[in-house]
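Participant: this one's sequence-less:
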Ligand SMILES: NC(=O)c1ccc[n+]([C@@H]2O[C@H](COP(=O)([O-])OP(=O)(O)OC[C@H]3O[C@@H](n4cnc5c(N)ncnc54)[C@H](O)[C@@H]3O)[C@@H](O)[C@H]2O)c1
């Protein structure tokens, strides 16, 4: 049994993250939010719909009579204002008012879009996160960042809007495609590198059980990552300072993701970007070669990529150029996240193009070797 995690702001409780191996926990949520006589709209995508929508609808219907669902085609290309417009129309046609509530059933795309819809519909209504991908459970459902992509720029339009609850049912990971499941571990390993050496050792010890979806181990890992994300977002809810450490591995990772035209998954790119950040940390004497190797081994143990094949395809200068357009750069200065040993990440504005180029070269292999 895993206790609820309460997210606070200015020391006031804002919302709870709760855990259960079924969706029965949603009855408690409806009771706590006192919404059994309100309208609830479950928003999901076409993949999650197939496996989990009926279960969720049947639990919610036990406590509430006015249950609606809105399904859109799965995938990042639908994360835009045009899908949001369809959602606004659906809510208006079904007379949703300020006291009604949205349930986001899905991965980060569903969560970010439902959060944005909730932030903007009637100037803000409540929403509940029911994350179904590993990435959404440990990362995107917590912290209140919502939004959509715009004109090819990721998450360019958005708002901070806190959920009323985050309900995590790790059993749904059984239907998540394997590549998406593995990709989620990049953010988990990142949490251990930025904040917690003991967690890093735990992840090493239990990699096999976690990959085999051992319920206790997997839930412990999700739980621990939620605690780390909680500690960072509570300290810096509006991303003005310390929250930047969550971007460890993301500066070069995002650039590789964009350069690959999103053929590589986000977590796969975070793995590669993290190896680069670890490499720069090692070159600066902040971590030892043993720590560097141990971290690379951990990403590899979770079957994440630690090298890129073929220098001809991955153009180092182009990747570095993309890092300059990262929307998280401040006046063209990149806040690069490095780590001092495992567990102490910090932002540094002095990482040079040369250091980045050397780090990216270190992960590119030609014919199976990066010597
Ligand atoms: N708000 C934040 O703080 C934050 C943080 C990180 C990422 N994000 C955003 O999250 C998104 C990525 O999230 P994601 O990796 O979950 O992508 P996703 O939502 O596209 O889900 C990945 C794929 O898995 C499917 N899926 C999800 N759960 C499933 C399940 N249980 N069974 C079967 N299929 C399932 C989806 O339909 C999709 O095809 C990006 O848009 C990113 O910008 C937001």
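Facilitator: Perfect, I can see it now. Given the structure is predicted, the values throughout are model-derived calculations rather than measurements.

Participant: check what pLDDT the closest residue to the ligand within the stretch 201-350 of the chain gets.
Facilitator: Residue nearest to the ligand within the stretch 201-350 of the chain (C-beta to the nearest ligand atom): residue 266, separated by 5.8 Å. (Glycine included, C-beta is placed from N, CA and C.) Residue 266 is assigned 95 on the pLDDT scale.

Participant: how about residue 330?
Facilitator: Reported pLDDT for residue 330: 64.

Participant: now the residue of the stretch 201-350 of the chain closest to the ligand: how far from residue 272?
Facilitator: 11 Å (C-beta to C-beta, to the nearest Å).

Participant: which one of those two has more residues nearby?
Facilitator: Each of residue 266 and residue 272 has its neighbours counted (other C-beta atoms under 10 Å); residue 272 has more, 28 against 23.

Participant: surely the more buried one and residue 362 touch.
Facilitator: No - Residue 272 is beyond contact range of residue 362, at 10.5 Å (criterion: C-beta atoms under 8 Å).

Participant: low-scoring stretches of the stretch 151-300 of the chain, by residue?
Facilitator: Low-confidence segments of the stretch 151-300 of the chain, defined by pLDDT under 70, are absent.

Participant: mind listing the helices for it?
Facilitator: 178-195, 197-205, 207-211, 215-235, 250-259, 266-283, 289-301 (DSSP state H, counting those that start in this stretch).

Participant: pick the most deeply packed of these.
Facilitator: The highest mean neighbour count among these, using mean count of other C-beta atoms under 10 Å, belongs to helix 266-283: a mean of 26.

Participant: and it, how far out from the chain middle?
Facilitator: 17 Å (C-alpha atoms, centre = their mean, to the nearest Å).

Participant: run through the neighbouring helices and strands of that helix.
Facilitator: helix 178-195, helix 250-259, helix 289-301, strand 336-339, helix 353-363 (3 or more C-beta pairs under 8 Å, 6 or more residues apart in numbering; DSSP states H and E).

Participant: output the ones you listed in a markdown table; the columns should cover distance to the ligand.
Facilitator: Shown next, in a markdown table, are the helices and strands packed on helix 266-283 (distance: least, C-beta to the nearest ligand atom, whole Å):
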| stretch | distance to the ligand |
| --- | --- |
| helix 178-195 | 5 |
| helix 250-259 | 9 |
| helix 289-301 | 17 |
| strand 336-339 | 15 |
| helix 353-363 | 22 |
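
Participant: nearest residue to residue 227 other than its sequence neighbours?
Facilitator: residue 5 (6.3 Å; C-beta to C-beta, 6 or more residues apart in numbering).
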